[in-house]
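>>> starting from these lines, generate the structure:
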Amino acid sequence: MKNRRQNNDGKNAKSIAIASAIGLTAVAASLVAVYGSTTRRLVPTSSSPESLWSFSSSKSDSDIPVNNDVSGVPKESSSSSSAEKVQKPESSDAEPVNRPVTIKAGNILPVEGEIDKPFSNGELVKSETLGVWKTHDGVDILCELGTDVKSMSEGVVKEIRDDALMGVCVTIEQTNGLEAHYCGLAKELNVKAGQQVKQGEIIGKTSDTNQSEILQKPHLHFAVKENGKWIDPMSVIDKNGG
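So this is what the prediction gives:
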């Protein structure tokens, strides 16, 4: 009886050992399956040796529908982009607003006469009086001493000065953007600084106060500036007489 009990106990122990081994084998197989599934979902975030790994879902981002009710952000059309939402500047072909435009039409000659010495356009010419080479920044219009000098266009008398070389000079800032200089005038003038003048209004008379050109025939030295630069006065004179 005692031997039978011992035999049963041995069989029970052996059965327990076999069951434990089977259980451990099942657990190990489960762990291997989980590990394999995990590693298949890991993808590198870069191609470098030190690449970090992250989980990749089985569906791409484009396959996941947007839940607008949850996010609170309206779904954007695939055809639109943030760049299209930025207001584009106006075309460069558009005409600029309030762009100053110089009106060259309608200017008249201050005196009638032949051009004795033209505008040199920056080139050096020899002065008959001074004997030096210098630019001639205006035109010399031949006329008798005491000839009335008219304003080329309407404007305001910007300055009156008695220059040691150019004599009595009147500068008129015209409403069309040009600046007219009348030099070699008599000291008795018909205008004063700050006065508004009309086109054709007499501002003074020619004289011999222009000492830098005294050896030339009597004339009016007439010069014009546009945007602060000397230009040929004859280029802005209306050929039809204004």
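
>>> which SSE is the residue nearest to Gly146 when sequence neighbours are not counted in?
Leaving out its chain neighbours, the residue that sits closest to Gly146 by C-beta to C-beta, 6 or more residues apart in numbering is Lys205, at 5.1 Å. No exception for glycine: its C-beta is placed from N, CA and C like everyone else's. Per DSSP states H and E, Lys205 falls inside strand 202-205.

>>> contacts for whichever helix or strand comes after that strand?
Using DSSP H and E, the helix or strand that follows strand 202-205 in sequence is strand 219-226. If you take C-beta atoms under 8 Å, 6 or more residues apart in numbering as the criterion, strand 219-226 is touched by 102, 110-111, 113, 116, 137-143, 147, 149, 152, 166, 177-185, 206, 210, 213, 230-233, 236.

>>> following the least confident helix or strand in the chain by mean pLDDT, which helix or strand comes up?
Lowest by mean pLDDT, DSSP states H and E among the helices and strands of the chain is helix 82-85, with a mean of 38. Using DSSP H and E, the next helix or strand after helix 82-85 towards the C-terminus is strand 115-117.

>>> quick one: buried residues of whichever helix or strand comes after that following strand?
Going down the chain from strand 115-117, the next helix or strand is strand 124-126, by DSSP H and E. Buried residues in strand 124-126, counting neighbours by 16 or more other C-beta atoms under 10 Å, are absent.

>>> from the contact counts, what lies against strand 124-126?
strand 133-135 (3 or more C-beta pairs under 8 Å, 6 or more residues apart in numbering; DSSP states H and E).

>>> residues in contact with the strand it packs on: which ones?
Contact with strand 133-135 is made by 120, 122-127, as judged by C-beta under 8 Å, 6+ apart.

>>> each with direction, which strands does the helix or strand following that strand pair with?
Using DSSP H and E, the helix or strand that follows strand 133-135 towards the C-terminus is strand 139-142. If you go by DSSP bridges, strand 139-142 pairs up with strand 115-117 (antiparallel), strand 219-226 (antiparallel).

>>> let me know which of those is tucked in deepest.
Most buried of the strands paired with strand 139-142 by mean neighbour count (mean count of other C-beta atoms under 10 Å) is strand 219-226; its value is a mean of 22.

>>> what is the rounded mean pLDDT of that strand?
Average pLDDT, strand 219-226: 98.

>>> by contact count, what packs against the next helix or strand after that strand?
Using DSSP H and E, the helix or strand that follows strand 219-226 in sequence is strand 229-231. Judged by 3+ C-beta pairs under 8 Å, 6+ apart, the packing partners of strand 229-231 are strand 219-226.

>>> cheers, nothing more for now.
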